Structures are given as structure tokens and as C-alpha cells.
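Q: Below are the sequence and a predicted model for it; my questions follow.
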Amino acid sequence: MPCYDSYTLSLRENIGYYLISGFFLAVVGYLFYHSLLCSILLIALSHPGKKVYLAHKVEKRKTELSHQFRDLLYSLSASFATGRQMKEALEEAEEGLQLIYDRDTPICLELSHMIRLMKESKESEEELLKDFAFRSGIADILNFVDLYIIGKKTGGNMVKVVIKTTNVLLDKIDIQLEIHKLTAQKKLESYIITALPFLVILFLKLSSPNYLNVLYETLLGRVLMTMALIIILIAYLWSMKLTKIEI
């Protein structure tokens, strides 16, 4: 099973990434420098930019897993309330979540993996949950598994432990989802603001091709265009940082 702190692109994803990023950077090079050489040089940035893309994929997958874990907590809480043990609760959760998600979603794959090992290799649910939590790298999953294992080792009331822990984590996850919804519009606005300079330059090139010649044919013009490009990038990164709120 995968480690969620890293992401490996498939051949198809690799090709798609280089095609899209290469095309985008070539367009940026043409708009800001009106030079085939500059476009080619900017395309070369696709490779170092891959790290940023991979980080985005990691964050996206972990967010997806966190949201799916929320539904798993609902299922476990309901199962424990009816007297089920963790093994039985996980089996019921697998059946229930497969009605909501595709079988190849992270949470369904993880549940299928754990249940198969519990049946075939007789591995304990504690070790499998610890492995899942460690690979996920998600604080909510790590906290839930730690509290469950501590409660079981100390002989606590597992129904109360699981339900109490679940309720606390569900409240936290619900708050995170609400924050995500509130910041989604701001992120969309930042995308639009970032795209506006490119659209303005494209409009001017199409409507008045000679209007921007001074920026393409003089050293000062190229310096100004480079500074503008850097400012746009900094503004975009800053806006992403402002809309990234963690609790």
C-alpha cells in the first residue's frame, strides 16, 4: 500500500503533465518576450516545476483521504454503538463505504487491504491501523489510532473511547471542510486575478500588435516584462498561502 507523503506519476500522468506545463510555459514565453528562444527556455522549467506539481498531488490525495476517513468514523461509531468489535466494524465499514465510493478510492483500498490481511494472515487490527495511520501522515488518523490502541491496552470502555474520539475528530474535520468551502471562492478569485495580466497582454497583441513592441525590442522593456512576471508569480504564491488555513 502507498505512502501518502509521496506521489509517483504514472506514464500517462507524466506525459499529460509535460504536455500541459510545456504548452503553458511556451505561451507565457511568447506573451512576455515574443521570442521562440525564451519560450523554449521557459519550457525547460517544466522539470523543476514537477516538484510543485507532485506536492499538489500529495496534498490533494491526503485531503481526499481525510474526507473519506470522516465517513469511516461515522461508520465505526455506529458499529461500536451496537456492540461490534473493531474487526467487525471495519468489515461493515468496507461494505458501507463501497456503496458511497468507488472500489479504487484510497479508503476502500485501505479497508480491503486490512480485512484481507486480518483474514488471511491473522494480523491484528491494531498493527494494521498503525500501519495505515503512519503511511497516511494525517494527524486525525494518527490521533484516532493512538487513542484506540491506548484505550484497548489499558482496558478502557472501548465503546466510549471510540465514540468520544470520533465525535471530537468529526467536529474538527467538519470545521476543516467549512474552512475549505469558505476559501474555495477566494482561491478562484486569485486564479482569475493571476490570469488577467496574461489575458490583457493577449488582447493587446491581437488588437494592436505594434503597441507592445517597445517592451519586446528594448532591454528595458524585457527587464520590465521579467519583473512583471516575477510579481505575478509572487502574488499568486502569496494568495495561495493566505487561503491555506490549518487547524
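A: That came through fine. Note that the structure is a prediction, hence the values are computed from the model and not measured.
Q: Let's verify Tyr7: helix, strand, or coil?
A: coil (DSSP: H, G, I helix; E, B strand; the rest coil).
Q: okay, the closest residue to it other than its chain neighbours: pLDDT?
A: In this structure, Tyr7 finds its nearest non-sequential neighbour in Lys57, 4.4 Å apart by C-beta to C-beta, 6 or more residues apart in numbering. Glycine gets a C-beta too; all of them are placed from N, C-alpha and C. The per-residue pLDDT reported for Lys57 equals 90.
Q: show me where the chain has helices.
A: Using DSSP state H, the helices found in the chain span residues 11-33, 36-43, 46-81, 86-97, 106-120, 125-136, 139-153, 158-207, 213-217, 219-242.
Q: by contact count, what packs against the last one?
A: I take that to be helix 219-242. helix 11-33, helix 158-207, helix 213-217 (3 or more C-beta pairs under 8 Å, 6 or more residues apart in numbering; DSSP states H and E).
Q: Next one, pLDDT for the residue nearest in space to the middle of the chain please.
A: The centre of the chain sits closest to Lys60, judged by C-alpha atoms, centre = their mean, with a distance of 1.3 Å. Predicted confidence (pLDDT) for Lys60: 87.
Q: ok, how many other residues are close to the closest residue to Lys186 other than its chain neighbours?
A: Excluding its sequence neighbours, the residue lying closest to Lys186 (C-beta to C-beta, 6+ apart) is Thr243, at 4.9 Å. Around Thr243 there are 18 other residues, counting by other C-beta atoms under 10 Å.
Q: try Lys119
A: 11.
Q: The one 4 residues further on now?
A: When neighbours are defined as other C-beta under 10 Å, Glu123 has 14 of them.
Q: Distance check, the closest residue in space to it that isn't next to it in sequence against Glu94.
A: Nearest non-adjacent residue to Glu123, counting by C-beta to C-beta, 6+ apart: Leu117, 4.6 Å away. Here Leu117 is placed at a distance of 13 Å from Glu94 (C-beta to C-beta, to the nearest Å).
Q: Pick out whichever of the two has more residues nearby.
A: Glu94 (19 against 16).
Q: Report back the residue of this protein that's furthest from centre.
A: Asn210 (43.0 Å).
Q: Can you give me every residue that contacts that residue?
A: Counting by C-beta atoms under 8 Å, 6 or more residues apart in numbering, Asn210 touches no other residue.
Q: From Leu19, how far off is it?
A: In terms of C-beta to C-beta, Asn210 sits 32 Å off from Leu19.
Q: Over to Glu189?
A: 28 Å.
Q: For burial, what's the neighbour tally of Val145?
A: 21.
Q: so it touches Leu129, yeah?
A: Yes - shown here, Val145 and Leu129 form a contact pair, counting by C-beta atoms under 8 Å, at 4.6 Å.
Q: picking that back up, confidence score at the residue nearest to Glu123?
A: Reported pLDDT for Leu117: 90.
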